[in-house]
Every structure is written in C-alpha cells, then in structure tokens.
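Visitor: Provided below are the primary sequence and the corresponding predicted coordinates.
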Amino acid sequence: MNYTPAEIMTVGAARVLKDEDTCFVGIGLPSAACNLARLTHAAGITLIYESGTLRTRPSILPLSVGDGELCQTALTTVSMPEMFRYWLQGGRITVGFLSGAQVDRFGNLNSTVIGDYAKPTVRLPGGGGAPEIATSCGQIFVIMRQSLRSFVERVDFLTSLGHGRTGRERNAQGLKSKGPTLLVSDLCIMASDPMTKEFVVESLHPGVTRERVRENTGWEIRFADDLQETTPPTLAELEALRELNARTAAAHGVAAAE
Amino acid sequence: MAEFLSLAEAIATFVRDGDVVAMEGFTHLIPFAAGHEVIRQQRRDLTLIRMTPDILYDQLIGMGAARKLIFSWGGNPGVGSLHRFRDAVEHGWPAPLEIEEHSHAAMANAYEAGAAGMPCAFFRGYLGSDLPRVNPRITFVNCPFTGEELACIPAHRPDVTIIHAQRADREGNVLIEGIVGVQKEAVLAARRSVVTVEEIVDDLGTQSPNAVVLPAWTVSAVAAAPGGARPSYTHGYYARDNSFYKAWDAISRDRTTFLEWMKSNVLESHELHAR
C-alpha cells in the first residue's frame, strides 16, 4: 500500500509511544501521532493537552489546543496554573512531543524568531508551553519535517532546551529529565547519542538515501553503524490514520495534521 | 459588588486609556464582544496581557489600541501567524509594539501569584532558554532550603481583567465551566473586572459544588453579551467557528483588507456575535 512522507512520519512517531505513557500533546503532527497510537497499539495511553484536559480521547483531531472536543472527552479538566504546576512541573508526564521552526543537532528548539530578537526577520508565535515541557517531561520526542531551513547548525534563538548549545548544558543544569531522545522526520528517525547527545540517524524511511538526508540537514549528520530501514506503515496503521484524518476533515474542513 | 451594566457602559466605566488590561480565555470563552467594545471606544496606550494573543489581540494591535504586549504564545491556533501582531513587531505598524515575552508556565504562575496577593511567582522554568536574556523581568533565585535555582517573575496585577462566562445570577455571581484556563486567577489578580455572560439567570444551575464560581463581590461589572465569545466558543452554548479562524488569515494579511473588515464588522456593527 502506498503512503506519503507525512504518513510514515506520523506512524513512526506513534510507534514509539507506549500504553503506559502519559503524554503532553501539542497541536498538529504530535496530536496526530499521539491519537494514532491511542487508536492502534496503545489504547491505554494518557493524553494531556496544555489547555488542562487530562486523559482526553478525542474522536477527531482538534484544530486548537483548547477545542471543546478535548474537554468533552476528558477524564477531568483543570485550570492552567494546576496544569503547569501540579502536572507538568510536578513530574507527572513521561513524554513531551515538541516541534519548532528550527532544531539543531542537540535537539534545541526555536519557536520564537528567525533573525535577531529585537529586529526579527520573522516573528514566530513564541514558546507557549514548550520551554518547561522540554525540561519537565521525562523525555522529549521531536517531530518535524526535515529541510535545510529547519534542521540548522545553530538555532537563531534557543526557546526550549534540548541538550544545550554544545550538548553539555543540560547535564550541567542538573536536570533529572532525559531531554530529547528521539527525532522523527519525514525522511528518517534519529536517536540521541548517549555520549555526545547529538542526533544520529538510526533508520531511513524506505526509498530515502543518506545523500538526501545530508542535503536536508544543516549540520554534518552522522549515521548509525547498523543503519536500518524504517518498517513501512502497516495496512492497519494507515487505515486508522486515514480514518482519523477523514473524520477530522469532515468536522472542521481540513486535516489538522497537515 | 457587581454592577449590572450594558457592555458599552461597563467598558466606558472600567477600562481607561493607559491601563494594564488582561483579556483571558484559553481558546475557550475569549471575550470578543468586550474586546470589540474596547476597540469601538478607541482606548489607547493599553498594556495588553494574555497567554495566547490570538485573533482578538491581533485586532486590538492592528487598530492601534496597544502600546505593549505581555504574552507567551502569539499565533492563530492550528492556522499560523498573527499578521497584525507580526506587522507591529517586524515593521512597527500601525505603531511600535513593546513586547514582554514569557512561557505559558510563567504566565499561569504570574496570574496565580497576583490572585494570591504575592509580589512575584517562583517556579522551575526557563532552564537553558534564551528568553531570560531578552526579558529582564525573568530572574533566578536560589531556594533557601535546597539551593535549587528557580525562575522568579513579577506577579500579574492588571488594572482590569475582562472575561466571558456562561452565566451570572441576579446577584452577579459568575459560573465558568469547561476549559477554565486562568480566568479565575486573572479576575482575582486585577483591581477591576468586567465579566460578559451568555445569560443572566435566577439560578446558576451548577451540577457540582466545585464548579468555578466567581462570587459577586470579586467582580466589578456584569454585562449580558449573548454570543460574546464568538468566533471562539462557549461550552454548553455554541461551538468554535473554526472556519472563521482560517478565514482570518486572509483578512488580516493585508493592512487595507484588515481595516475595511474592522470597519464593517466591528466599528460600524454590533452584529458579529449575534449570528
């Protein structure tokens, strides 16, 4: 069965989530991946959106982080101070999914500005919940489309800490959480090297070459010695994802994952 | 004790030029009708606080009401950029906009500290981020007991907080249900507050003794504004108008189109929320 690069990215990200995970979910690609995991192999996964909805089970993907569907299908809905203080800062979330306009080899993310902060070329929306999601969740999975514009040698602004500018700053902060351990793109899956903390390509999606990954990465990318090919999406995974997208499109006129 | 006023009277009485104003509602219950009245009454030099400045703040900024923005995420949720906000930051149109940028955790903590009458908030945040380099109001202190480095920011103490809620009773007690965001904290942190509601009723009809109720003595004014959260939503009344959020991208991209839309739909019309 044929599939798109966006589909294998979403499926690849969904697979790494476990039934016992408590996951802090952002809108867009993370939301699609987390709900796909819930609808396939991880029915028991706890999804939390920063609007305060705990253990929510939406039948469609929300357009915004605070859509009514999230509240109506949640176990309970708490205030924002409670969300960020008791649940996130309190260390009750195992996985945070993040994305950004730029990522570097150490998983540092920029969602603030392109260019200089005082005179930006592009003013981006800003960090939102990400700066504390990055440091308070047990570990971070990054999901982003790969290109030279987004996979950069140096992020213009460090909104959310990965492993730091040299890969050592996170440990120096004394943080107990792991930080970015995995990155899923539309080309490949990378894992954080336990020693250097830089992302190393672990598996290429079918049909993707090393050269293509190099051409779309702004730093000198390393490949694992035992480089694998990503297992293609199964029929069940694709059907579940497409049905979710179709329900979403019918509900608000666009696939929220795109 | 809450006064019952028309929306126009409530804004005229409680929102002044130069005020620090918080309009809250996290995707849900965004006080659009009240914000539009602030635009119609041409308030100026406002310092606007909001966790997620979205379309309403894009409109206030584009119409020149704001001098400064204190925020943590400024975008059109699920759609993309706020073009009026970007135009103000990138090109100073219609006026330069000073920004004080935080994270969501910081903003939620700052409101809670304000509600609690504290001068500042402590939390575990901003570690390794560049935000403290560009926002001098983010500092770090050491816990006196453990030595842990904690972020410290000033409490939010708005001159006036404006929110929208489901219902008020005839004493002016206010019920908020669904995604409750930071509205309770934002009202308690403020010196004055204006609450618009879908309806004013004899009995709030609360299903749980823990439903969020703002007692009448914490609210300055209550104004009925049915549909007042549109195009956002009111849990139990109407759904979010996602198609409008998408349409806003094209309306707001161009200065002229934006100004024409505001003229027909806000300045010369009160019909937007009554659909």
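Guide: Cool, got the structure. Numbering: from 1, shown residues only, chains lettered A, B, ... in the order given.
Visitor: can you pull the contacts of the closest residue to chain A within chain B?
Guide: Nearest residue of chain B to chain A, counting by Cβ to the nearest Cβ: residue B:27, 2.6 Å away. No exception for glycine: its C-beta is placed from N, CA and C like everyone else's. Shown in contact with residue B:27 (Cβ atoms under 8 Å, 6 or more residues apart in numbering or on different chains): A:51, A:64, A:65, A:66, A:67, B:52, B:54, B:77, B:179, B:232, B:240.
Visitor: could you redo the last one with a cut-off of 7 Å?
Guide: A:51, A:64, A:65, A:66, A:67, B:77, B:179, B:232 (Cβ atoms under 7 Å, 6 or more residues apart in numbering or on different chains).
Visitor: Let me see the backbone angles for the third one.
Guide: What that stands for is residue A:65. Backbone torsions for residue A:65, taken as degrees, to the nearest 10, come to phi -70, psi -10.
Visitor: Get me the contact residues on the stretch 51-200 of chain B for chain A.
Guide: By the rule Cβ under 7 Å from any Cβ of the partner chain, the part of the stretch 51-200 of chain B lying against chain A is B:71-75, B:77-78, B:86, B:89-90, B:101, B:103-105, B:108-109, B:111-112, B:123-131, B:134, B:178-182, B:184-185.
Visitor: Could you pick out which of those are located in helices?
Guide: Within these, residues falling in helices by DSSP state H are B:86, B:89-90, B:104-105, B:108-109, B:111-112, B:131, B:134, B:184-185.
Visitor: ok, and what's touching the helix or strand of chain A with the lowest mean pLDDT?
Guide: Using mean pLDDT, DSSP states H and E, helix A:68-72 stands out as the lowest-scoring helix or strand of chain A, at a mean of 89. Applying Cβ under 7 Å, 6+ apart, the contact partners of helix A:68-72 are A:49, A:51, A:53, A:56, A:58, A:60, A:62, A:77, B:178-179, B:233, B:235, B:239-240.
Visitor: Skip ahead from the helix or strand of chain B with the lowest mean pLDDT and say which helix or strand is next.
Guide: The weakest-scoring helix or strand in chain B, judged by mean pLDDT, DSSP H and E, is strand B:212-214 (a mean of 90). Using DSSP states H and E, the helix or strand that follows strand B:212-214 in sequence is strand B:221-224.
Visitor: can you map out the strands along the stretch 1-150 of chain A?
Guide: Remark: strands assigned in the stretch 1-150 of chain A by DSSP state E, counting those that start in this stretch are A:22-25, A:46-49, A:53-56, A:74-77, A:95-98, A:102-103, A:109-110, A:113-115, A:120-123, A:139-143.
Visitor: is chain B contacted by the first one?
Guide: No: Strand A:22-25 is not in contact with chain B by Cβ under 7 Å from any Cβ; minimum separation 11.4 Å.
Visitor: count of residues packed around residue A:249?
Guide: 15 (other Cβ atoms under 10 Å in any protein chain shown).
Visitor: Make sure it is indeed in a helix.
Guide: Yes: assessed by DSSP: H, G, I helix; E, B strand; the rest coil, residue A:249 belongs to a helix.
Visitor: Centre of the chain to the one helix or strand residue A:170 maps to, how far?
Guide: Residue A:170 is part of helix A:169-172, with elements assigned from DSSP H and E. Per Cα atoms, centre = their mean, to the nearest Å, the displacement of helix A:169-172 from the mean C-alpha position of its chain is 21 Å.
Visitor: Tell me which other helices or strands the helix or strand that that helix is followed by touches.
Guide: Moving toward the C-terminus from helix A:169-172, the next helix or strand (DSSP H and E) is strand A:180-184. If you count contacts as 3 or more Cβ pairs under 7 Å, 6 or more residues apart in numbering or on different chains; DSSP states H and E, strand A:180-184 packs onto helix A:5-15, strand A:139-143, strand A:188-192.
Visitor: tell me what the second one is packed against?
Guide: Identification of packing neighbours for strand A:139-143 by 3+ Cβ pairs under 7 Å, 6+ apart yields helix A:5-15, helix A:29-39, strand A:95-98, strand A:180-184.
Visitor: show me where chain B has helices.
Guide: Under DSSP H, chain B gives helices at B:7-14, B:32-40, B:55-62, B:83-91, B:104-115, B:131-134, B:183-189, B:242-253, B:255-262.
Visitor: Let me know how buried the residue in the stretch 151-258 of chain A that chain B sits nearest to is, in neighbour terms.
Guide: The stretch 151-258 of chain A approaches chain B most closely through residue A:161 (3.1 Å), counting by Cβ to the nearest Cβ. For residue A:161, the neighbour count with other Cβ under 10 Å is 28.
Visitor: Might one say that it is in contact with residue A:134?
Guide: Yes: using Cβ atoms under 7 Å, residue A:161 is in contact with residue A:134, at 5.3 Å.
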